[in-house]
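[1] No letters, just coordinates:
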């Protein structure tokens with residue numbers, strides 16, 4: 001069976017690919033009922049490598065600063081450098097890879113990741129390491145976005161969110177396993193060995209892509225102007241806003257979770273890491289459940305999980321003063337935080353027919369914009385007269401904004417009589 005490329009009709013809507021009985025090596029293999037393709041695990045391995053590489057630097061700051069003879073604050077800018085690369089890459093890289101077959105583009109982006117981490121491992125000085133971090137970050141959003149589109153295409157329509165959730169399980173495992181293991185490796189054998197390990201993970205992921213990801217047909221390619229027009233659709237922009245505010249609310253608290261646990265709940269500093277492991281377990285649970293709920297009913301599940309997130313954050317204002325209640329809240333916070341991820345990504349893919357790769361990459365950038373804004377907002381609250389205890393409540397108010405945007409976006413789905421703007425030729 002082969003698929004004819006998708007295209008937009010004059011109403012701006014996508015004409016779905018039609019199946020024929022011709023043999024074609026690029027055909028997407030049929031998915032057996034109840035079984036998800038093994039290619040999803042290759043995509044998960046890609047995200048495991050990216051997530052570990054992105055998050056591991058804070059645990060190695062002292063080692064890096066000492067070895068390269070820079071201040072701890074300068075070493076900390078390596079995190080910011082990667083984030084800057086992510087945002088810039090979301091704007092540029094999808095345009096550079098748009099004409100490549102999707103499997104080829106995936107391999108190019110993973111090769112980019114491997115090369116960047118290899119330079120990190122070999123970096124003779126701080127400037128080279130910073131440059132390598134920025135360059136590595138350039139491929140981040142494009143790969144996450146392309147991977148989401150591929151995951152959604154490999155399965156039946158009622159399994160798309162679950163497929164995206166499986167892919168993002170690699171990211172959750174990066175926080176639960178990759179971060180502590182990468183930190184341990186770096187502290188034991190040196191920070192460069194951590195980047196060698198991440199490079200090896202990238203090579204494994206490339207092998208998995210070669211072996212498991214099918215050759216997907218290259219869809220009808222729109223011009224850059226047309227793709228940007230698709231991204232400007234109100235529903236796509238609302239999807240970005242849902243992502244930024246939803247993720248921003250979580251990061252507002254997560255940035256200051258350690259002082260909350262120590263100063264409010266009374267835990268020791270040594271207990272922070274095990275408690276964050278509990279948060280990571282919540283990530284895994286939320287990612288799985290959120291994907292299944294989004295497959296069931298996308299927008300109601302997003303509204304429900306965002307509402308639960310707001311309740312958990314608001315409740316954390318009070319539960320953070322009791323140890324047992326804090327532990328339960330941290331787990332629930334992790335579950336709600338990642339429960340929204342598959343649905344948010346699928347919403348943007350659904351509403352960006354014609355340019356899903358570009359829009360999906362932009363949505364990853366929206367996650368990072370939300371992270372930057374949330375971290376800044378949390379700092380403003382901590383430095384204000386309201387102090388640390390008000391951070392969860394302010395985060396809940398940010399979630400309320402996400403809920404409002406989501407409800408408004410859903411309401412637009414029912415206004416079917418409104419004309420759809422078409423992209424210029």
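    Structure received. Here the structure is a predicted model, which means the values were calculated and not measured.
[2] Mind giving me the packing neighbours of the strand or helix carrying residue 376?
    Residue 376 is part of helix 356-383 when elements are defined by DSSP states H and E. Judged by 3 or more C-beta pairs under 8 Å, 6 or more residues apart in numbering; DSSP states H and E, the packing partners of helix 356-383 are helix 72-97, helix 140-153, helix 224-231, helix 234-254, helix 341-351, helix 391-413. Glycine gets a C-beta too; all of them are placed from N, C-alpha and C.
[3] In it, which residues are buried?
    Going by neighbour count (16 or more other C-beta atoms under 10 Å), the buried part of helix 356-383 is 356-374, 377-378, 381-382.
[4] and the angle for that helix with helix 140-153?
    Angle, helix 356-383 to helix 140-153, by axes from the mean of the first three to the mean of the last three C-alpha atoms, to 10 degrees: 120 degrees.
[5] what sits against the most centrally placed residue in the chain?
    Nearest to the geometric centre of the chain sits residue 364, at 5.5 Å (C-alpha atoms, centre = their mean). Residue 364 sits next to 86, 90, 140, 141, 144, 145 when contact means C-beta atoms under 8 Å, 6 or more residues apart in numbering.
[6] hmm, back to that, make TSV out of the helices and strands packed on helix 356-383 and add mean pLDDT.
    Output for the helices and strands packed on helix 356-383, formatted as TSV (pLDDT from 0 to 100):
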stretch	mean pLDDT
helix 72-97	82
helix 140-153	87
helix 224-231	72
helix 234-254	90
helix 341-351	87
helix 391-413	94
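[7] will you turn those into TSV that also has mean neighbour count and distance to residue 182?
    Compiled in TSV, the helices and strands packed on helix 356-383 are given as follows (neighbours: other C-beta atoms under 10 Å; distance: least, C-beta to C-beta, whole Å):
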stretch	mean neighbour count	distance to residue 182
helix 72-97	19	14
helix 140-153	27	17
helix 224-231	17	34
helix 234-254	24	19
helix 341-351	27	22
helix 391-413	20	28
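[8] how about the ones you listed, which one is nearest residue 209?
    Across the helices and strands packed on helix 356-383, residue 209 has its closest neighbour in helix 140-153 (9.9 Å, C-beta to C-beta).
[9] rewinding a little: could you give me the average pLDDT of the helix holding residue 376?
    Averaged across helix 356-383, the pLDDT comes to 82.
[10] Give me the angle between that helix and helix 72-97.
    With the same axes, to 10 degrees defining the directions, helix 356-383 sits at 160 degrees from helix 72-97.
[11] re the thing from before, turn the helices and strands packed on helix 356-383 into JSON lines, columns for distance to residue 105.
    Below are the helices and strands packed on helix 356-383 laid out as JSON lines (distance: least, C-beta to C-beta, whole Å):
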{"stretch": "helix 72-97", "distance to residue 105": "4"}
{"stretch": "helix 140-153", "distance to residue 105": "6"}
{"stretch": "helix 224-231", "distance to residue 105": "14"}
{"stretch": "helix 234-254", "distance to residue 105": "21"}
{"stretch": "helix 341-351", "distance to residue 105": "16"}
{"stretch": "helix 391-413", "distance to residue 105": "29"}
